[in-house]
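Colleague: Pasting the sequence and the predicted model now:
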Amino acid sequence: MALPPRGRFNPRFNRQPEPEHRINDRIRVPQVRLVGDNVTVGVYPTDEARRIAQQQELDLVEISPNADPPVCKIIDYKKFLYEKKRKEKEMKANAKQSEVKEIRFTPGTDDHDFDFKAKHAETFLKEGNKVKAYVQFKGRAIMFQDRGQLLLLKFAERLADVGMLESMPKMEGKRMLAMFAPKSQKKKA
């Protein structure tokens, strides 16, 4: 039994990917709603819309296939795809992913360290990130859970201007943690 040829000569691998939109001869509906530059907007028979696109040396591209009748636009398809990719890339760049920043305390954290960590948490919250503050208990320090809770509540009070406490401090294993979310930034008129 002969095996099919491997690599680039195998017809399964030479298939062109289907275009994202139906263009020109791939549009098989009887009527389309035509939009675009230098075109009178309206419903046309598909053949006439295709002829108008050919006269302008552009492509007939199906923009909204689910509409009744489907909406088609007369444009340069490659330029259309380029613009679409560029817009998607721009939107992706503008969409900032918020991160969760961690700040660690011990039950015996002194005031200077507390202030230093609180300033860092304020900058994180102003940047739009969430802050996960936790008190790490080691050895016998687990007996001082009340100190840890007081420390986290004091931390929440300090961050009240820029962030809000999402959940009250709770124990997870040998850690007591609290989550802080940034307050929504309202623009002043």
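Modeller: Arrived safely. Residues are numbered from 1 along each chain as shown.
Colleague: From now on I want contacts and neighbour counts done on CA atoms only, so please keep to that.
Modeller: OK.
Colleague: just so I have it, where are all the helices in the chain?
Modeller: 46-55, 77-94, 111-126, 145-158 (DSSP state H).
Colleague: For M179, find the nearest of the ones you listed.
Modeller: Nearest to M179 among the helices of the chain is helix 145-158 (9.3 Å), distances taken as C-alpha to C-alpha.
Colleague: How is the protein divided into domains?
Modeller: 19-93, 100-182 (automatic domain parsing).
Colleague: quick one: I74 and A53 touch, right?
Modeller: Yes - the pair I74 / A53 is scored as a contact, 5.8 Å apart, by C-alpha atoms under 8 Å.
Colleague: what residue lies at the spatial centre of the chain?
Modeller: Centrality entry for the chain: nearest residue to the mean C-alpha point is A95, 5.7 Å, by C-alpha atoms, centre = their mean.
Colleague: So that one versus E88, what's the distance?
Modeller: According to C-alpha to C-alpha, to the nearest Å, A95 stands 11 Å off from E88.
Colleague: One more: R51?
Modeller: Distance from R51 to E88, by C-alpha to C-alpha: 31 Å.
Colleague: now swap in R104 and tell me
Modeller: R104 is 38 Å from E88, by C-alpha to C-alpha.
Colleague: Ok, R147 next?
Modeller: R147 sits 49 Å away from E88, going by C-alpha to C-alpha.
Colleague: How about K73?
Modeller: 20 Å.
Colleague: pLDDT weak spots in this structure?
Modeller: Residue ranges of the chain with pLDDT under 70: 1-19, 96, 185-189.
Colleague: cutoff 50 now
Modeller: Residue ranges of the chain with pLDDT under 50: 186-189.
Colleague: nearest spatial neighbour of L165, skipping sequence neighbours?
Modeller: Excluding the flanking residues, the one nearest L165 by C-alpha to C-alpha, 6 or more residues apart in numbering is F180, at 4.6 Å.
Colleague: hey, what's that neighbour bridged with?
Modeller: Using DSSP bridges, the bridge partners assigned to F180 are V131, L165.
Colleague: Please look at it and G163 and confirm they touch.
Modeller: Yes - using C-alpha under 8 Å, F180 is in contact with G163, at 6.1 Å.
Colleague: returning to what we had before: compare neighbour counts for K73 and E88 and give me the winner.
Modeller: K73 (24 against 11; other C-alpha atoms under 10 Å).
Colleague: Deepest-packed of the domains of the chain, please.
Modeller: domain 100-182 (a mean of 17; mean count of other C-alpha atoms under 10 Å).
Colleague: who's in contact with L58?
Modeller: Residues in contact with L58 (C-alpha atoms under 8 Å, 6 or more residues apart in numbering) are I74, I75, D76, Y77.
Colleague: at 10 Å instead, please
Modeller: The neighbourhood of L58, defined by C-alpha atoms under 10 Å, 6 or more residues apart in numbering, consists of N24, R50, I52, K73, I74, I75, D76, Y77.
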